[in-house]
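>>> Pasting a predicted model and its sequence here:
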Amino acid sequence: MTGRFLPLLKRDLARLLLGGRGGGALLPILFFLCVAMLYPFAVGPDAPLLAKTGGGVIWVAALLAAILPLDRLVEPDIDLGLFDQWALRGISEELVIAVRVLAHWLSFGPPLMLAALPAAALLGLDGNSLLTVEIGLLAGTPGLAALGVTVAALTAGLRGGAALGGLLVIPMAVPVLIFGAGSLGTGGESGLALTAAASLVLLAIAPFAGGAAVRAGRG
Amino acid sequence: MQGASIAINDLACRRGDRLLFRGVSLRLAAGQALQITGSNGIGKSSLLRIVAGLAPAFAGTVASAGAIGLVDERPALDPALTLGGALAFWRQIDGGDDECHLARLGLESLLDVPVRYLSTGQKKRAALARLLGQRAEIWLLDEPLNGLDSHAVALTETLAAEHCASGGIALIASHQPFALPGMQTLPLADYAA
């Protein structure tokens, strides 16, 4: 099992984190920073208002940034016949999807947490809010990664699959968003715990739902 | 490679609401080869995919012993990687480390070339290299000669012959003639539903 886990993870990271032609992790991060930069322009330089709403903006931007690489997550490998070749070698779709969730998270979770530092400065968040945002992102982004890969597997091969995938991710990401952004206001620590809980549910479902979707998509 | 076998019993295949073929039964033992012939769309590729376990059978059963290797129109090599890098991925998965077949397939000079720049025939040869590296007992070849020049056609036929001589099984779906000593043919049109 480990003999196959490592090559798969290495390949996924080379594609998703470093990117090559797809842009890798850079594009979602730049997108995230752009949103954080545009928001103060749009609402004006009202420091208390920015500090009060900035955390929520970071969360929305993070969610949208997680949607960007959706069309690169599963569909290219189905088109190339890689999933078929893996199946012939006894490598289950569940393993491939689980590895992909890990690689997808590594390629946007930690970079997003780094990018949240300049974003927090742009929005004028104080230290405590920033810490809550960072812990919240650490708890919530694995769930967003799992959700993204699951939906990418479900919509692979459909016409306009990428756009449809984005639309499907948003409502299902609402619990993570509510608890994650809520932890900045009334939620506090319990908000973070519920973010992690929602994240874990998505993580637990993803390999099985994604694997079944890939198998069902085989004609 | 001893003990490889395929047993197909009363197999039927449906695509959408169309029944492609039915009543296909065959048995292949170690060292045997079979070519499935027939016009386009008659179900040759579907039959191979059912044998590979990648598509469900509408009726009937398929039992096979031995690892299965498949070469179809998709080379399963990352277009963005160099040929060497893309094949190295499969070497890690399959656990082999022999590169002797690369020279034979004329791929040595192409190892630095990104896969997306390769021609159809070169991709086909690269897929054959992947298949050889897999060391599977059962070869499923879907139109293996498409896009190959006459030299590569002869080479593919030789490789298949060597594979069968060493106790492997080759199941070939092709509308083109495939020269392989002792190979049986199965005209799929006889089973069209």
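Received it, and whenever you're ready, just let me know what you need.

>>> Who are the contact partners of residue 138?
No chain specified, so I'll use chain A. Neighbouring residues of residue A:138 by CB atoms under 8 Å, 6 or more residues apart in numbering or on different chains: A:109, A:113. From N, CA and C alone the C-beta is placed, and that goes for glycine too.

>>> my bad, chain B
Contact partners of residue B:138, counting by CB under 8 Å, 6+ apart, are B:4, B:6, B:64, B:66-69, B:168-169, B:171.

>>> Okay, and residue 12 sits in which element?
I went with chain A, as the question did not name one. Counting by DSSP states H and E, the element that carries residue A:12 is helix A:2-13.

>>> looking at chain B here, not the other one
With elements delineated by DSSP H and E, residue B:12 resides in strand B:5-15, which encompasses its position.

>>> who does that strand pair up with?
When pairs are called by DSSP bridges, strand B:5-15 turns out to pair with strand B:18-29 (antiparallel), strand B:59-65 (antiparallel).

>>> Show me how far the last one is from its chain's centre.
Between the mean C-alpha location of strand B:59-65 and the chain-wide mean there is a distance of 18 Å, by CA atoms, centre = their mean, to the nearest Å.

>>> again with stretch B:95-114
When C-alpha coordinates are averaged (CA atoms, centre = their mean), stretch B:95-114 and its chain have centres 19 Å apart.

>>> that older thread, just curious, which of the contacts of residue B:138 is nearest to chain A?
For chain A, the closest of these turns out to be residue B:68, at 5.2 Å, with distances computed as CB to the nearest CB.

>>> which residues of chain A fall in helices?
Assignment of helices within chain A using DSSP state H yields the ranges A:2-13, A:26-43, A:47-67, A:70-73, A:75-79, A:82-88, A:93-123, A:127-155, A:161-172, A:174-182, A:188-217.

>>> ok, back up a step: and the buried ones among the contacts of residue B:138, selectable in ChimeraX?
The following ChimeraX selection, which keeps only the buried ones among the contacts of residue B:138, applies the criterion 16 or more other CB atoms under 10 Å in any protein chain shown:
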select /B:4,6,64,66,67,68,69,168,169,171
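
>>> want to throw the contacts of residue B:138 into JSON lines with pLDDT?
Shown next, in JSON lines, are the contacts of residue B:138 (pLDDT from 0 to 100):
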{"residue": "B:4", "pLDDT": "90"}
{"residue": "B:6", "pLDDT": "93"}
{"residue": "B:64", "pLDDT": "91"}
{"residue": "B:66", "pLDDT": "91"}
{"residue": "B:67", "pLDDT": "92"}
{"residue": "B:68", "pLDDT": "93"}
{"residue": "B:69", "pLDDT": "93"}
{"residue": "B:168", "pLDDT": "92"}
{"residue": "B:169", "pLDDT": "93"}
{"residue": "B:171", "pLDDT": "94"}
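
>>> Done for today, thanks.
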